[in-house]
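Trainee: Sequence first, then the predicted structure:
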Amino acid sequence: MTDQAVEHEIGRSRLRKEDARLITGQTNWTDNIQVAGLLHLAVLRSPMAHARLTRVDVSPALERPGVVAAFSGADLAGGLGSLPCAWPVTEDIVLPDHPPVAVDEVRYAGDPVAVVVARDRYAAADALEAVEVDYDPLPPVLDLEAALAEDAPLVHADKGTNRCYTWPLATGESFDAVRERAEVTLKRRYHQQRLIPNAMEPRAVVVTPLASSGEYTVHSATQIPHILRIMLATVTGIPEQKLRVIAPDVGGGFGSKLQVYGEEALALAVARRLGRPVKWTESRSEGYLATHHGRGMIQDVEIAATREGRLLGLKVDLLADMGAYLMLVTPGIPILGAFMYPGIYKMDAYEFNCTGVFTTRTPTDAYRGAGRPEATFAIERIMDELAVELGLDPVEVRRRNWIRHEEFPYATIAGLTYDSGNYEAATEKALALFGYDDLRAEQRKRNERGDTVRLGIGVSTFTEMCGLAPSRVLRDLRYGAGGWEAASIRMLPTGKVEVVTGTSPHGQGHETCWSQIAADVLGVPFDDVEVVHGDTKSSPMGMDTYGSRSLAVGGEAVHRAAVKVVDKARKVAAHLLEASEQDLEFSGGAFSVKGSPEARRTIQEIAFETFTSHDLPDGMEPSINAETVLDPENFSFPHGTHLCAVEVDTETGKVRIRAYVCVDDVGTVVNPMIVEGQVHGGLAQGIAQALFEEAVYDDQGNLVSGTMADYLVPSAADLPDFVTDRTETPAVDNAMGVKGVGEAGTIASTPAVVNAVVDALRPLGVRDVRMPCSPHRVWQAVQAARSGGGVPAEDVEGTGPAQSGQSGQAAQSGDVGQYDPSGKEDQA
Amino acid sequence: MIPPAFEYARPGSVDEAVRVLAGAGEDGKVLAGGQSLLPLLRMRLAFPELVVDVGRIGELRGVREDGDTLVIGAMTTHHEVVRDPLVRRHAGLLAEATATVADPAVRHRGTLGGSLAHADPAGDLPAVALALDAELVVAGPGGRRTVPAREFFVDYLQSALAPDELLVEVRIPKTDGWSFHYEKFHPVAQSWAIVGVAALVRRDDGHIAEARVGLTNMGSTPLRATAAEEALSGADGPEAVARAAEAAAEGARPSQDLAASPEYRRHLARVLTRRAVLTATGWG
């Protein structure tokens, strides 16, 4: 089936060609890599959130069996620079020094203090216990608001402030002006808890020095081999051309491997120092401390609207938890969201302010959606609140504000140009699949009966920006690189095809999709295409994979390169068929002269003719290979309508998702099965934020949800059967019409679920439930509402009727994910 | 996740296991299915000098009848317990509760004896053993002794087993004619119960003649909700059950953790006891 060219490869649900080796593990996961003489590196980590290091003595570790070397931060400082931050979002941003191993101060529980190198992993782990470290405790910095106070203890004392930056945006009319003329204003505070990415494969790195050439091969479980190469050269001073970075098969990332980690630099530095190959692999609990976290924001959101429900303006004030240091793109994550708060809605005024705050916690950075889920959550939650305020159906209030399909392209208040979309079509389809009216009727009945188990319905009509990114836009955002992507196609003499891509898949299925794209354009069999990726030696140019960019930029680049190949082959074909190029047809992988189909040359035959070069057109270079470096003209904007029905057991607080329907519009679909898989996985992760997951710290800054026993990653058993469907409104700024799908499910689902939970409990007087909506939290909210617990004034404000019966949330201080062992939440 | 170094022994019989354990004293640790011990080792929370793997001792495995009693070998896996026809017929509560333990991978490795000897009050099976009035047969240097479940669970992760003793079998009085239900309340499928309730009910002429209620994760050991049990006696319908269940948390001192406050746990114990008994009786 796959050895024959088929007419339309794009749009076929092909089984993924990479799956057999990935699923069976018969592949080079980084930790599987064995090299003769391999040494193992282990990292000793601070057990304290904040302390001065008064003594680090690694010498006792050297006495332990099997130990080859041990280093403190001071020992390594000479050969290692600060870890990079490539997105200094403002001119006056505070950029603290970030040594891969702490030298005189630790700033989060998990901050490295020493490394041990031994002949096996066991010896290295045992020897860590022999390293002697004296800590002089400093006060932890955990509360985002308190951290900004005059006299707050400082994460980086030399900087004189915990404020990393403040990034403002104001467009359209002034918000104050529209607030003046608004009939309704609502103000809410939302908390984006910290999340811990859980890629199935932990981080790992193997560095192999080649004495003969002075080269180093770095195998790393990374999303970004190309960026990593540049950054490792910068951090270690090793010339870039002496570094070869390979991302072998990588088992998931979700943004957590869009990073330049200290351990990668350490393995390289130690391999250089010892002249021996070095491996480091993290354990799951080590990863919980030392792999970057996601989210961690407090959002103050205010909207102004008319009585009819027309939005006039939106004002957003964010406090974003940077954690202890700025990692690769830490400061930019909330800024990526800045453009998405207005969502799919029209309005006259938009103000956005984000302040990044240092805390003594694990650094934050990109996590699936990266800024956009937070934005979507805020706008979709408050749109539901507006509907309640006005007595409108939440779908209707959205309909009154969204961009109509005939208004595209549409310049949004936040300054983006949405190229295409059809929110009406997606919403109509979703409502029908969901049985919206029937569920509303059942909800009313249950409420009238006063059922213990209430039904709630949540709506989320989202959009997001993918296809990162036009390089000039990145310049304006002070991002330290471009947003292009490279692809080249090599037509081999035997008719086979190599597609070289600069994207770096870690589970997405690029090998399958890029093969489909190339096979579709070239008319060659799917199985004749091989995709080469993830090795700076064989695919030297690339910007790697993150932000749902790969298809819209990298896939599009493959498409363009394939078109170039066909154009070149056409010249050879015309010459061989003794016809003019204009008289040739190309279909099914073969050129023929219009009107005489028997005279034909396949593109694979032309590849061989080009190889021999015996009979090429005069002056033609003997190659039909082609290369493209594509800088996108615009972002792409997937959208969709997600509907969630939950049953909330008001007696126990347990939330059960009864139905979940989503209709996504991701433009042209290359492989429907892969899109479906991405949506399912995305939904699971978004629902996990709504209901299950939270990185929780105690008041000393210790991560108390430090294992999977306490950090609750849901499994299939905890999730409903998803009903997924699509509308297909092609993107107009790329030839294929593709938009990207990697993050859609995650971005859309979190507000859909929380809206449903609150919708179920609103008749009981509950106005909000903080994420994750765990049974305990939901129960507390119900208890507080029943006992007439008031609304914390700073969380809910409005010009509507007096607000009462707010949820039983803990004191609404500036903490995100703080664990209060006193159990005082009970007394709410 | 690298365990510390330890010696490893794999005895072939109970006698040999007891001898090896006696030699190690406080520094020995029994490895059954490994579903609790291995994580402790990998997190470096346990540092035994000697790990005694009893996985190859055939006599510790299997289910048999002994008159009115069901005898289950300590190394019988959860999966085997769930599937065993004798267990399903004569100790249905155990089969039902065991099916809720963790996930299939854990149930294929983990064992009944290991789970009881670990004495985790958040584990599902200790409270079930309590409700079933199980007896635990323990082999030591001086021979065998039988410990009632009520005396077996001493404190958090602490059983009545001496360091040189091995749990060899679990004796469960048959509960033919009783109805039962294990009501497990957990945030995600694979997590421990926030609270679990194991209910066994014997009915006589339309009312409850006798009820036994075991509580999971309501204190440092599994508990029997004795006040509720007494109140349930004579209950003749849902209202009476609901009233009796109000006593379910009496005397319990549940802990505070990320999943729940003590107050919430007490509330859940009452709600879940009502639900468990109503499900068992079919009155729900």
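Mentor: Alright, I've got the coordinates. Residues are numbered from 1 along each chain as shown, chains lettered A, B, ... in the order given.
Trainee: residue ranges for the helices of the stretch 101-250 of chain B, please.
Mentor: For the stretch 101-250 of chain B, the helices defined by DSSP state H, counting those that start in this stretch cover B:104-109, B:112-118, B:124-131, B:149-152, B:226-232, B:238-245.
Trainee: again with the stretch 351-500 of chain A
Mentor: Using DSSP H, counting those that start in this stretch, helices in the stretch 351-500 of chain A cover A:372-390, A:394-399, A:423-434, A:436-449, A:471-476.
Trainee: Can you say which of these is packed in most?
Mentor: helix A:372-390 (a mean of 25; mean count of other C-beta atoms under 10 Å in any protein chain shown). No exception for glycine: its C-beta is placed from N, CA and C like everyone else's.
Trainee: tell me what that one is packed against?
Mentor: Under the contact definition 3 or more C-beta pairs under 8 Å, 6 or more residues apart in numbering or on different chains; DSSP states H and E, helix A:372-390 sits against strand A:184-195, strand A:294-305, strand A:311-323, helix A:332-338, helix A:394-399, strand A:453-463, helix A:744-761.
Trainee: Contacts only, for residue B:210.
Mentor: Taking C-beta atoms under 8 Å, 6 or more residues apart in numbering or on different chains as the criterion, residue B:210 is in contact with B:201-202, B:233.
Trainee: which one of those is nearest chain A?
Mentor: Comparing those against chain A with C-beta to the nearest C-beta places residue B:201 closest, at 21.2 Å.
Trainee: need the helices and strands packed on helix A:372-390 in JSON lines with mean pLDDT, can you?
Mentor: As requested, the helices and strands packed on helix A:372-390 are exported to JSON lines (pLDDT from 0 to 100):
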{"stretch": "strand A:184-195", "mean pLDDT": "98"}
{"stretch": "strand A:294-305", "mean pLDDT": "98"}
{"stretch": "strand A:311-323", "mean pLDDT": "98"}
{"stretch": "helix A:332-338", "mean pLDDT": "97"}
{"stretch": "helix A:394-399", "mean pLDDT": "98"}
{"stretch": "strand A:453-463", "mean pLDDT": "98"}
{"stretch": "helix A:744-761", "mean pLDDT": "98"}
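Trainee: Out of those, which is closest to residue A:40?
Mentor: strand A:311-323 (27.6 Å; C-beta to C-beta).
Trainee: quick one: strands adjacent to that closest one?
Mentor: strand A:294-305 (antiparallel), strand A:349-358 (parallel) (DSSP bridges).
Trainee: Determine the angle, from 0 to 180 degrees, between whichever helix in chain B runs longest and helix B:238-245.
Mentor: Once chain B is assigned using DSSP state H, the helix that runs over the most residues is helix B:262-281. Counting by axes from the mean of the first three to the mean of the last three C-alpha atoms, to 10 degrees, helix B:262-281 lies at 140 degrees to helix B:238-245.
Trainee: Chain A contacts on the stretch 101-250 of chain B?
Mentor: B:103, B:185, B:187-192, B:194 (C-beta under 8 Å from any C-beta of the partner chain).
Trainee: for those residues, which one is nearest residue B:95?
Mentor: residue B:103 (16.9 Å).
Trainee: Look at the nearest residue to that closest one once chain neighbours are set aside and say how many residues are nearby.
Mentor: Using C-beta to C-beta, 6 or more residues apart in numbering or on different chains and skipping the chain neighbours, the partner closest in space to residue B:103 is residue B:190 (5.2 Å). Neighbour count of residue B:190, defined by other C-beta atoms under 10 Å in any protein chain shown: 19.
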